[in-house]
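Trainee: next one to model:
(one chain, ligands or ions: 1)
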Amino acid sequence: MPAVVTTTGLTKKYKNQTVVDSLDLHIPEACVYGFLGPNGSGKSTTMKLLLSLVEPTSGEVEIFGRRMDRSSRRHMLEGIGALIESPAAYGHLTGRENMRIVQHMLDLRPAQIDRAVASVRMEGQMGKKVQNYSLGMKQRLGIAMALARDPKLLVLDEPTNGLDPAGIEEIRDLMIRLAAEEGITVMVSSHLLAEIERMATVLGILQQGRLIFQGSKEDLVDRSLPDLLVDTADPDIVAHTFTRSLPSVGTNRVRIPEVPVAQTPEVVRELVTAGARIEGVRREEQSLETVFIKLTGREGLL
Ligand SMILES: Nc1ncnc2c1ncn2[C@@H]1O[C@H](COP(=O)(O)OP(=O)(O)OP(=O)(O)O)[C@@H](O)[C@H]1O
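Mentor: Numbering: from 1, shown residues only. Modelled structure (predicted):
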């Protein structure tokens, strides 16, 4: 899959603090890229670096296969829609009036505005004042503003923050649809895995400015250490063979904790060689959340 965003050694320092540390991001085309990390880990700063709102201390940004620099920046930014921090709509104006301001500022055609509003399914709400919108509607209007220029890349900083479950689901469905049906590459940040795991196909996990994981959800699950449940007529032989991993022994079953997925065949071979009669072997799969907590070493990302 060709990459829409590639960064090489991207670094941002403020005085002595390294806020973004040697990031090598790789965001494939038309995916929803979930950018995860606790508050203060550097997600917003990274997004601002991609949008040229902040100057990198070192490293490079390549978007749509082109290096971003002073001369290319302006043209490249025309292909990117962004929502950083809260949506910038005027509360005392209606949704339609706000969209008209965007239209004039960016010199767009009315059809582009209509299309952006239709994309977020807000046609019926455009006559209402924004101050009467729910938070979810405000976010969708903000996303419509970001979509108005028909971007190929959408960068959204915590769009689900503060939304109720129904609002999160609306944003999730919208992100999935934009990527699948309109071929837009969506980068979306969050500090909560649960908020983005069902919309993102690729995850990047940031901790203290460093990318500690980047890959598909399947790759993340491959990092898991599930328990192995062995049904056997010889639990003592099994337990004896694996004393090093402190197995728990039942009448006809032994649980061997934290066996790396790739090592399962080897474990089974070892048991058979030891003379154990094996009736069945099953991995107790771990949830993405458990894998994630083990990887980041924290109890959730708060
Ligand atoms: N302009 C700035 N000057 C100095 N420090 C900054 C500046 N902007 C951000 N920081 C610091 O950089 C670190 C990362 O902040 P950033 O906002 O990028 O993190 P984040 O992961 O987006 O967190 P949050 O979700 O809370 O916004 C924080 O310690 C923050 O205080």
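Trainee: how close does Glu158 sit to the ligand?
Mentor: 6 Å (Cβ to the nearest ligand atom, to the nearest Å). Where you see a C-beta, it was placed from the backbone N, CA and C, and this is true even at glycine.
Trainee: quick check: that residue touching Met187?
Mentor: No - applying Cβ atoms under 8 Å, one finds Glu158 not in contact with Met187, separated by 11.8 Å.
Trainee: what sits against Thr160?
Mentor: Taking Cβ atoms under 8 Å, 6 or more residues apart in numbering, we find Thr160 in contact with 139, 167-168, 171-172, 190, 192, 195-196.
Trainee: which one of those residues is nearest to the ligand?
Mentor: Using Cβ to the nearest ligand atom, Ser190 comes nearest to the ligand of the contacts of Thr160, at 8.7 Å.
Trainee: and the nearest residue to that closest one once chain neighbours are set aside, how many residues sit next to it?
Mentor: Spatial nearest neighbour of Ser190, excluding adjacent residues (Cβ to Cβ, 6 or more residues apart in numbering): Ile196 at 4.6 Å. Ile196 has 25 neighbouring residues, counting by other Cβ atoms under 10 Å.
Trainee: before we move on, the earlier item: any of the contacts of Thr160 buried? List them.
Mentor: 139, 167-168, 171-172, 190, 192, 195-196 (16 or more other Cβ atoms under 10 Å).
Trainee: how about the residues of the stretch 101-250 of the chain by the ligand?
Mentor: Contact residues, the stretch 101-250 of the chain versus the ligand (Cβ under 6 Å from any ligand atom): His191.
Trainee: would you map the helices across the stretch 101-250 of the chain?
Mentor: 110-119, 135-147, 165-182, 193-196, 217-222, 235-241 (DSSP state H, counting those that start in this stretch).
Trainee: highest mean neighbour count out of those helices?
Mentor: helix 135-147 (a mean of 23; mean count of other Cβ atoms under 10 Å).
Trainee: OK, contacts around the residue nearest to the spatial centre of the chain?
Mentor: Note on the chain: the residue nearest the mean C-alpha position is Gly34, at 0.9 Å, using Cα atoms, centre = their mean. Gly34 makes contact with 188-190, 196-197, 199-200, 202-204 under the criterion Cβ under 8 Å, 6+ apart.
Trainee: Asn252 now?
Mentor: By Cβ under 8 Å, 6+ apart, the neighbours of Asn252 are 231-233, 235, 279.
Trainee: hmm, 7 Å instead?
Mentor: 231-233, 235 (Cβ atoms under 7 Å, 6 or more residues apart in numbering).
Trainee: which of those are buried?
Mentor: When the contacts of Asn252 are checked for burial by 16+ other Cβ under 10 Å, the buried set is 231-232, 235.
Trainee: now tabulate these in TSV and tack on pLDDT.
Mentor: Formatted as TSV, these follow (pLDDT from 0 to 100):
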residue	pLDDT
Asp231	95
Thr232	94
Pro235	92
